[in-house]
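>>> Model the structure of this input:
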Amino acid sequence: MIRPTEQGPINACDAAQRTRPSNYPEPFASLMQGRTKRPLGDLFNLKNFGVNLVHLPPGSLSALHHSHSLQDEFIYVLEGHPTLFRGDESVQLAPGMIAGFPAKGLAHHLENKTDTLCVVLEVGDRSVGDSVTYPSDDIQAVTAVDGTWHFVHKDGSPYG
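Below you'll find the predicted structure:
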């Protein structure tokens, strides 16, 4: 496995996977079962934006249906045919397709509803003070000064 470095280039599939499948608290973390992320931007100590190589096996989700307050996001489908849920609409994507999600835009997520692996490159900025709303679930998230995420119920009470 490759460790964070300022040396490059490497094959993206050689980058280490995140050790935890999800930062979400339960019962949401288990919904991300099967999904893997390789934080590619961290390998090069990128601070302004993150880049992840995401593998979605059949039946897996990229994230809960969500929208960021400050962060823009972008995806590029490398393999497979994930379904993009954006607002109340859904569309099946194909390799080579891209989509962008501006801050304060429609809630979104991907699901692999096929029987083959989907691979997606996701890019997002690392806006300090970003928060995330999840219209379909009793959860919300805010970033701390150190960049870590903190999750609470919509009434503000903590998980755990």
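
>>> Could you tell me the end-to-end distance of stretch 63-71?
End-to-end distance for stretch 63-71, by CA to CA, to the nearest Å: 15 Å.

>>> where along the protein do the helices fall?
Here the chain has its helices, by DSSP state H, at 40-43.

>>> now it, which segments are flagged as low pLDDT?
For the chain, the stretches flagged by pLDDT under 70 are 1-7.

>>> for it, what spans make up the strands?
36-39, 49-56, 67-68, 73-79, 83-86, 89-92, 98-101, 108-111, 118-125, 131-133, 140-143, 149-152 (DSSP state E).

>>> Could you dump the ones you listed into CSV and include mean neighbour count and distance to C13?
All C-beta atoms are positioned from the backbone trio N, CA, C, and that covers glycine. CSV is the format used below for the strands of the chain (neighbours: other CB atoms under 10 Å; distance: least, CB to CB, whole Å):
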stretch, mean neighbour count, distance to C13
strand 36-39, 18, 8
strand 49-56, 20, 7
strand 67-68, 22, 27
strand 73-79, 18, 11
strand 83-86, 18, 23
strand 89-92, 11, 24
strand 98-101, 15, 20
strand 108-111, 20, 19
strand 118-125, 19, 9
strand 131-133, 17, 28
strand 140-143, 18, 29
strand 149-152, 15, 26
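
>>> In a markdown table: those strands, plus distance to S30.
Compiled in a markdown table, the strands of the chain are given as follows (distance: least, CB to CB, whole Å):
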| stretch | distance to S30 |
| --- | --- |
| strand 36-39 | 15 |
| strand 49-56 | 16 |
| strand 67-68 | 22 |
| strand 73-79 | 23 |
| strand 83-86 | 19 |
| strand 89-92 | 23 |
| strand 98-101 | 24 |
| strand 108-111 | 15 |
| strand 118-125 | 20 |
| strand 131-133 | 19 |
| strand 140-143 | 17 |
| strand 149-152 | 14 |
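
>>> Name the nearest residue to G105, ignoring sequence neighbours.
Counting by CB to CB, 6 or more residues apart in numbering, the nearest residue to G105 once its immediate chain neighbours are dropped is S67, at 6.2 Å.

>>> Equivalent analysis for G50, please.
G41 (4.7 Å).

>>> Quick check: the gap between the one you found and V123.
8 Å (CB to CB, to the nearest Å).

>>> Could you pull out the residues contacting both of these two?
F49, G50, V51, N52 (CB atoms under 8 Å, 6 or more residues apart in numbering).

>>> ok, of these, which one's closest to T148?
G50 (13.4 Å; CB to CB).

>>> just checking, the closest one touches D130?
No. Using CB atoms under 8 Å, G50 is not in contact with D130; the gap is 11.5 Å.
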